[in-house]
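>>> What would the 3D arrangement of this be:
(chains A and B)
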Amino acid sequence: MRSRTRPGAASARRQPVRLAPPMKQDIEQLLHAALAHLKGSVLPEDLPLSNLGLERTRDTANGDYASNVAMRLAKQAKLPPRELAQKIVAALPLSPALARVEIAGAGFINFFLAGSAQADVVRRVHELGAAFGRNGSGGNRRILVEFVSSNPTGPLHVGHGRHGAFGASVANLLEANGWSVHREYYINDAGRQVDILAVSVWLRYLEACGGKFRFPANGYQGDYVREIAADLLQKAGESLCRPDGEVFGNLPADEPEGGDKETYIDAVIGRARQLLGDQGFREVSDLALAAILADMENDLTEFGVIYDRWYSERSLAENGAIDRALDRLRKQDHVYEKGGALWFRATTFGDEKDRVVVRENGVKTYFASDIAYHLEKRERGFDVLLDILGSDHHGYVARVKAGLAAMGEPPESLEALLVQFVSLYRNGEKASMSTRAGEFITLRQLRAEVGNDAARFFYVVRSHDQHLDFDLELAKSRTNENPVYYIQYAHARVASVLRQLAAKGYQLDLALGLASLATLTSQQESALLTQLGKYPELIQLAGANRAPHALVHYLRDLANAFHTWYNAEQFIVEDAATRNARLALALAAQQVIRNGLALLGVSAPETM
RNA sequence: GCGCCCGUAGCUCAGUUGGAUAGAGCAUCGGCCUUCUAAGCCGAGGGUCGCAGGUUCGACUCCUGCCGGGCGCGCCA
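Below you'll find the model as predicted:
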C-alpha cells in the first residue's frame, strides 16, 4: 500500500499539467457571451455576471449541465423566466461541443453535450494519466495542515487513526488542487502529561528493580509503559533504582486510600525529581518520549500518513517563539496583570473571556504556546493554517483566532476542521476505550485486523462533522458487503481484461481506440463517460470543501457505472475499432479509479 | 445556563453551497454465471427530510423558536 500511494501522488506532481479546459468552463464562456450580448437591451447595462448558476445535473434527462440564470435574472429583465431563457438561448454562440440546448421547467437552460465532446474525456485521461483531475485552482498558495498531534503519552488509538486518514486525504486533495502543502505534527512534549509518563515508566522500572508498591491511580497503566521501562533498565542498568522507603515515604494518600490522585501523582513526580535530579529525570523523560514518538511515527508511516515535520512544543520556549508572541501582545497593549498572573484581553477580539498566558507561578500556559506556535507558522510564510482538531477542541478555535488577531495576523488565516469521535463496534457491540485504564484498541491493532486499505477508506467514508461508527466485522469482511472491495474490484477487473486480451492473442491498439471513440454510444457507455467527465470538477469541489468523503462517494458511483457496463457489454470483440475503443474507455476508468484511490491512500490492486 | 456539531428509508449515511420526481449501501423480496473475475449486474418495496413558523418563483439546504442526541465552557494539557 505504501508503495502504491505516496509515490503515485509524487510522480503525478512531476508531470507537466496540461490544462485541457474542462467542459464546464467552455459552457460558462458561451453562457457569459450570450448574457453580455443581451446587456443594454434585455438586461441592464451594469449587471454583474459573476454567478451564472451553471451546475452538473442530477439526472441526465435534464442534460449534462443546467443553468438557473434566467430564473434569477427574470426580475431585473422584467420578463417571465422562460421568455428570458429563450432570449439567452437565441444569443448563445454555436459550439460543436453541444448537441442541443433546451428550456425546461420553470426556466432552466439545459445543455446536452455532443457525443464527441463527451467521449473526449477518454482522450484527456490517456494524455494526462496520473495528472488527470489535478488543477491549479489553489494558485500555489502555501497551506500548513496540522493533524493528529496526539499527546506523546501512549500509542495512537482508533480516534487518532481517523485524524490521520482524514488529514492525509485532505492534504492530498489540496495538493491535487494546486496548493503548496506542508504536513505537520505538533508534539506536546512540554507539559505535565509528559512528567506523568516519565514517572510511570520509572515506577515500572523500580518494579523491575524489585520494588513492591501500588501503582498510582493516575499513572499510565498500559503495557507499553512496561516495555519502555525494560528498555530503560537495559540502557541505565540499576543506576536509577531507589529503595521503596525513599520513593514513597511521606507522600499524601492516593485515590484508593481516600486521597486525591492528582495531588498524589504530582507528589510522586516531585519525589522522582528530588531523587534522580533534574538531569536524571529528564533522561527518563527523554527516553520515554523518544520511544513513543518513534512508535507513533512508525505506525503512521505504515498507514501512509507522512509528515514534512514533527514540531516540538518545547522548542517554542527554547527558540524564543513564546517570548516573541508575548512581546507582540504587550506592544499592542493586549495584556494586563491580575492576581499575579498575566492575562490576554481575548474579549477584545470576540472570545468569551480573557485568558491567562503566564500563571501566578511564572509558568507560561499551554495557550501561550499555542498562539506562539500559530504565530510561528505565519512567520514561516504560510497563507492558510489548517488545524484538524478533535470536536472537543471547538472552544479553542475562537481563542487562537483572537490571539492571531491581537498579534496583527489575520484571524481568517486559521481554518479549523473539527473531527467528530469514532465508536468502534464489534459483533454489534460498542467497544470501550480509555487510555488511562490501558484497555483501548490501538491504531496498530486496528490496522492489523482490517488492513490499511479498509481502515483508510472507512475513516473517510463519512463527513468529518459526522460521528463515525466503525464496524470491525464489516471492514474486514471479504464479501460484497464491503464497499472498499467494490471500487478496488473495478480496477482489478480492467487489469484482468487486459490479461485476457493477451491470452486471446490480441494486442491493445490505443491509437485506434482513441480514434474510434464514436462507437461508444450505448446507454452504459454514455453514463460512464459522463461520470468520468465529472472527476475534475469533483476534485475541485472536494478540495474546496475539505471533503474526502465526496471523493469516496464519487468513486463508488464510478465503480458502479463501470460494473454496470461490464455486465452489459463484452469488451473483447471481433471488430478492432469497437474492441479498442472499449478498451480505451475501460483503461480510462481504471486510471481515474487509481487516481482517486491514491488521494485516499488506498491501494489499487491488479488482481483480487 | 452559554457555545459548537448532529437529527434524511428498518440500520449506516450522501445530497454539487437555494433548484427539477430527495438518493446510495446494508437488510428484505424476485431475477442473471456454456461469454473478459458473480468481491459483479438488473428489478421491487420502503420517506410528514425532528417539530412549528418565516424569507421567495422555488427550502433537506437560509432565518427564528422549540424537542432530542454528542461535545465543550480551568492560572489542566
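
>>> alpha carbons only for contacts and neighbour counts from here, please
Fine.

>>> what does the stretch 201-350 of chain A put close to RNA strand B?
The stretch 201-350 of chain A comes close to RNA strand B at residues A:K338, A:G339, A:G340, A:A341, as judged by CA under 7 Å from any atom of the strand.

>>> Got a quick ChimeraX command for the buried subset of these?
Per 16 or more other CA atoms under 10 Å, the buried members of those correspond to this ChimeraX selection:
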select /A:341
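
>>> Which strands or helices does the longest helix seen in chain A pack on?
In chain A, with assignment by DSSP state H, the single longest helix is helix A:261-302. Helix A:261-302 sits against helix A:192-209, helix A:223-236, helix A:244-248, with contacts defined as 3 or more CA pairs under 8 Å, 6 or more residues apart in numbering; DSSP states H and E.

>>> now those helices as JSON lines including mean neighbour count and mean pLDDT?
Formatted as JSON lines, these follow (neighbours: other CA atoms under 10 Å; pLDDT from 0 to 100):
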{"stretch": "helix A:192-209", "mean neighbour count": "22", "mean pLDDT": "95"}
{"stretch": "helix A:223-236", "mean neighbour count": "18", "mean pLDDT": "96"}
{"stretch": "helix A:244-248", "mean neighbour count": "13", "mean pLDDT": "95"}
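
>>> Identify whichever of those helices lies nearest to A:G154.
Nearest to A:G154, of all these, is helix A:223-236, at 7.3 Å by CA to CA.

>>> closest point of the stretch 301-450 of chain A to RNA strand B, which residue?
A:D392 (3.1 Å; CA to the nearest atom of the strand).

>>> okay, now that residue: neighbour count?
11 (other CA atoms under 10 Å).

>>> hang on, A:N110 packs against A:V89?
No - the pair formed by A:N110 and A:V89 falls short of the contact definition of CA atoms under 8 Å, at 9.8 Å.

>>> Mutual contacts of those two, please.
Common neighbours of A:N110 and A:V89, counting by CA atoms under 8 Å, 6 or more residues apart in numbering, are A:V101.

>>> Quick check on these two: which one has the bigger neighbour count.
A:N110 (26 against 19).

>>> Report the next helix or strand after the longest helix of chain A in sequence order.
strand A:309-312 (DSSP states H and E).

>>> tell me the contacts of the residue of the stretch 151-300 of chain A found nearest RNA strand B?
Residue nearest to RNA strand B within the stretch 151-300 of chain A (CA to the nearest atom of the strand): A:G191, separated by 3.0 Å. Applying CA under 8 Å, 6+ apart to A:G191 gives the contacts A:Y366.

>>> on that earlier part again, between the longest helix of chain A and helix A:192-209, how many degrees?
90 degrees (axes from the mean of the first three to the mean of the last three CA atoms, to 10 degrees).

>>> Return the residues in contact with A:D453.
A:M1, A:V484, A:G601, A:V602, A:S603.

>>> Now flag whichever of those residues is closest to RNA strand B.
A:V484 (8.4 Å).

>>> you'd agree that closest one is up against A:R456?
No - using CA under 8 Å, A:V484 is not in contact with A:R456, being 9.6 Å away.

>>> re the thing from before, let's have the residues of the stretch 201-350 of chain A next to RNA strand B in CSV, adding secondary structure.
Converted to CSV, these look like this (DSSP: H, G, I helix; E, B strand; the rest coil):
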residue, secondary structure
A:K338, strand
A:G339, coil
A:G340, coil
A:A341, strand
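
>>> wait, is A:S116 part of a strand?
No - with three-state DSSP as the criterion, A:S116 is helix rather than part of a strand.

>>> tell me the pLDDT at it?
Note on A:S116: pLDDT of 90.

>>> Give me the neighbour count for it.
Neighbours around A:S116, by other CA under 10 Å: 15.

>>> what does A:A346 give?
A:A346 has 23 neighbouring residues, counting by other CA under 10 Å.

>>> Now do the strands in the stretch 51-200 of chain A.
Assigned by DSSP state E, counting those that start in this stretch, the stretch 51-200 of chain A shows strands spanning A:54-56, A:65-67, A:98-104, A:108-113, A:142-146, A:180-187.

>>> Can you redo those strands as a markdown table, where the extra columns are distance to A:G596?
Listed next are the strands of the stretch 51-200 of chain A as a markdown table, based on distance: least, CA to CA, whole Å:
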| stretch | distance to A:G596 |
| --- | --- |
| strand A:54-56 | 20 |
| strand A:65-67 | 23 |
| strand A:98-104 | 28 |
| strand A:108-113 | 24 |
| strand A:142-146 | 20 |
| strand A:180-187 | 18 |
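
>>> export those strands to CSV and tack on distance to A:G280 and mean pLDDT?
As requested, the strands of the stretch 51-200 of chain A are exported to CSV (distance: least, CA to CA, whole Å; pLDDT from 0 to 100):
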stretch, distance to A:G280, mean pLDDT
strand A:54-56, 65, 91
strand A:65-67, 69, 95
strand A:98-104, 76, 93
strand A:108-113, 73, 94
strand A:142-146, 33, 97
strand A:180-187, 22, 97
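
>>> Regarding stretch A:541-548, how distant is the last residue from the first?
End-to-end distance for stretch A:541-548, by CA to CA, to the nearest Å: 10 Å.

>>> Is RNA strand B within reach of it?
Yes - for stretch A:541-548, a contact with RNA strand B is found by CA under 7 Å from any atom of the strand, at A:L541, A:A544, A:N545.

>>> remind me which residues of chain A are low pLDDT?
Scanning chain A for pLDDT under 70 picks out the ranges A:1-22, A:432-440, A:478-481.

>>> Recalculate using a threshold of 80.
A:1-22, A:48-51, A:426-440, A:473-474, A:476-482 (pLDDT under 80).

>>> Helices along the stretch 501-608 of chain A, start to end?
For the stretch 501-608 of chain A, helices defined by DSSP state H, counting those that start in this stretch occupy the ranges A:510-515, A:523-544, A:548-568, A:576-600.

>>> tell me the most buried of those helices?
When you average the neighbours per residue for each of the helices of the stretch 501-608 of chain A (mean count of other CA atoms under 10 Å), helix A:576-600 leads with a mean of 24.

>>> tell me what that helix is packed against?
Looks like helix A:576-600 contacts helix A:2-14, helix A:115-128, helix A:158-176, helix A:483-503, helix A:510-515, helix A:523-544, helix A:548-568 (3+ CA pairs under 8 Å, 6+ apart).

>>> With distance to A:V384 added, can I get those in TSV?
Shown next, in TSV, are the helices and strands packed on helix A:576-600 (distance: least, CA to CA, whole Å):
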stretch	distance to A:V384
helix A:2-14	21
helix A:115-128	29
helix A:158-176	12
helix A:483-503	32
helix A:510-515	42
helix A:523-544	13
helix A:548-568	19
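
>>> near RNA strand B, which residues of the stretch 401-550 of chain A?
A:420-421, A:461-469, A:478-483, A:485-486, A:489, A:492-493, A:495-501, A:541, A:544-545, A:550.

>>> Which PyMOL command selects the buried ones in the residues you listed?
To isolate the buried members of those in PyMOL, using 16+ other CA under 10 Å:
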select buried, chain A and resi 420+421+461+462+463+464+468+482+483+485+486+489+492+493+495+497+498+501+541+550
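
>>> JSON lines for the strands of the stretch 51-200 of chain A, including distance to RNA strand B?
JSON lines is the format used below for those (distance: least, CA to the nearest atom of the strand, whole Å):
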{"stretch": "strand A:54-56", "distance to RNA strand B": "5"}
{"stretch": "strand A:65-67", "distance to RNA strand B": "4"}
{"stretch": "strand A:98-104", "distance to RNA strand B": "5"}
{"stretch": "strand A:108-113", "distance to RNA strand B": "5"}
{"stretch": "strand A:142-146", "distance to RNA strand B": "16"}
{"stretch": "strand A:180-187", "distance to RNA strand B": "10"}
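
>>> Having no further points to raise, I will conclude here.
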